[in-house]
Structure formats: structure tokens, C-alpha cells
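Undergrad: Next come a sequence and a model predicted from it.
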Amino acid sequence: MPADDLQALRALNAAVLSDTLDSLGLMNQAMRPFMRPLDETLPLIGRARTGVYVPVAEHRDGENPYEVEIALVDDLQLHDVVVLACDGPTDRIAPWGELLSTAAVARGAAGCVTDGLVRDVRQIREMRFPVFCGGIGPLDTKGRARMVERDVPVQCAGVLVRPGDLVFGDVDGVVVVPRVHEAVVLQRALDKVKGENLSRDALRQGEKLADVFRRLGIL
């Protein structure tokens, strides 16, 4: 799906996408429940740009500990989602903050997902940039962790994320749609939304849940 069409997916939600992926046997596409949004009102839709962090014991003078993450952020494109794998949950690695968010917004990125920590929360909320994270903390990565690779397959909060995969987040959590399955998943998910709308209307009109489920097969 072209980047310009991604906003049409706002009709979807994480639960519907998760159900659809389950129906296709893709049972491990929802990130673990410790992943929460900084702002529950902001959905996240875009394509993964990945980075891998590893712990370090110290910072060496003369080294740039941010070299790889700077290169990733400077290369972001419209609707990209930064996905940072920190082997979370962690209480020691906070790879994302206000300045990286500001740079990402300027490049049209759609948001950030990390199973590490996030800091500068007030400023990020004020700019209404969607961020999903494994926790909040003030710690810098300098002397604690370093991004060692970018744009490679990563494990983030229990889900394998490949560059270019569709990342969808809302108040229910974060779901990753593998690009190879994307067309089928999205069509089925959109059809499921239509079916859920019919079920909701019937239930509001007083039909019994058993009758609605028997007729539409959606719960």
C-alpha cells in the first residue's frame, strides 16, 4: 500500500488487526502489553524503520555514541515509524526523547515504537507525536547502550519487525503486519470492521448477542 494511502487505515484498530492476523495463523504480531502510548488519543500508522540497541559498560572519550541513531533519524521519510529494539522491558535504556522526536516530525515520520524507555515526555506530548514505549525514565543511553545496527529485522516487545512492515498502534497496543501478508490482512480487516459495525447496530437495536453472532459470526 503506498504511503499516501496509509491514512485510510484509520478506520481500523489494533484489536481488529490482531484478530485478522490470528485468523491467518499469524498469532505473534501484537507487542507485549507493557508497551503503552504516551498519548492514548493518538493512533500510529506507518512503516517500520528499525534500530537495535545493545548495552555498553562505559563511554569512551572521542567516540560518538549516537552515530547510528543520528543516521537513522536523518534518513526518515514520510510515514516512517522508528522501531527501536532494546531487549525490553528495561529500566536502564531510554533511546528516545524530545530532540529525536522534533527531528522525526520535521521529516514527516509517523511516530516511534520502542521497548526501551522514553524521556522528555511533556515536550513529546505537546508536539502530539505518537510514541509507544516500554516505560518512562530520564536516563540517557550514553554510557549505557548504543544503537549498533539499523534497517535490519529486530525483535521488539516480542514481535519480529522487518523494515517496511506496517506498524499500527492505538490505545489497545501495537500490532505489526508483515509486508508479505499486508494486502490480505488489510482487506480482511476492513471487511471485519464493516461486519462489526453491523453487529453493533443490531445489538443497539436490542437483538440478542447469540442471535447476532449466529447471523454474522463476529464477536
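TA: Cool, got the structure. Numbering: from 1, shown residues only.

Undergrad: all helices of the protein, in order?
TA: 14-23, 67-74, 98-106, 121-127, 182-204, 209-216 (DSSP state H).

Undergrad: Give me whichever of the ones you listed is most buried.
TA: Ranked by mean neighbour count under mean count of other CB atoms under 10 Å, those are led by helix 14-23, which reaches a mean of 19. For glycine as for every other residue, the C-beta is placed from the backbone atoms N, C-alpha and C.

Undergrad: give me every residue that touches Asp140.
TA: Shown in contact with Asp140 (CB atoms under 8 Å, 6 or more residues apart in numbering): Ala94.

Undergrad: Could you save the helices of the chain as CSV and add columns showing distance to Arg146 and mean pLDDT?
TA: Conversion of those to CSV gives the following (distance: least, CB to CB, whole Å; pLDDT from 0 to 100):
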stretch, distance to Arg146, mean pLDDT
helix 14-23, 31, 96
helix 67-74, 7, 97
helix 98-106, 15, 98
helix 121-127, 22, 98
helix 182-204, 32, 85
helix 209-216, 51, 81
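
Undergrad: who wins for proximity to Lys142 among these?
TA: Of all the helices of the chain, helix 67-74 sits nearest to Lys142, with 11.2 Å by CB to CB.

Undergrad: Touching that closest one from outside, list them.
TA: So helix 67-74 is contacted by 49, 51, 64, 82, 95, 100, 103-104, 107, 146-151 (CB under 8 Å, 6+ apart).

Undergrad: let's go with 7 Å and repeat that
TA: Residues outside helix 67-74 that contact it (CB atoms under 7 Å, 6 or more residues apart in numbering) are 49, 51, 95, 100, 103-104, 147-148, 150.

Undergrad: do the same with stretch 29-45
TA: With CB under 7 Å, 6+ apart as the test, stretch 29-45 has contacts from 6-7, 9-10, 18, 21, 81, 89, 110-111, 115, 118, 121, 124-125, 128, 130-134, 156-159, 167-171, 173-177.

Undergrad: Just the buried ones out of the residues you listed, please.
TA: Burial by neighbour count, judged by 16 or more other CB atoms under 10 Å, picks out 6, 9, 18, 21, 81, 110-111, 115, 118, 121, 124, 130-134, 156-157, 159, 167-170, 173-177 from the contacts of stretch 29-45.

Undergrad: so where's this structure shaky on pLDDT?
TA: 1-5, 7, 62 (pLDDT under 70).

Undergrad: Which parts of it are strands?
TA: Per DSSP state E, the chain carries strands over the ranges 36-37, 44-55, 80-85, 111-118, 131-136, 145-150, 154-156, 159-161, 166-170, 173-177.

Undergrad: okay, the ones you listed in TSV with distance to Glu207 next?
TA: Formatted as TSV, these follow (distance: least, CB to CB, whole Å):
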stretch	distance to Glu207
strand 36-37	34
strand 44-55	33
strand 80-85	39
strand 111-118	39
strand 131-136	36
strand 145-150	52
strand 154-156	41
strand 159-161	37
strand 166-170	28
strand 173-177	30
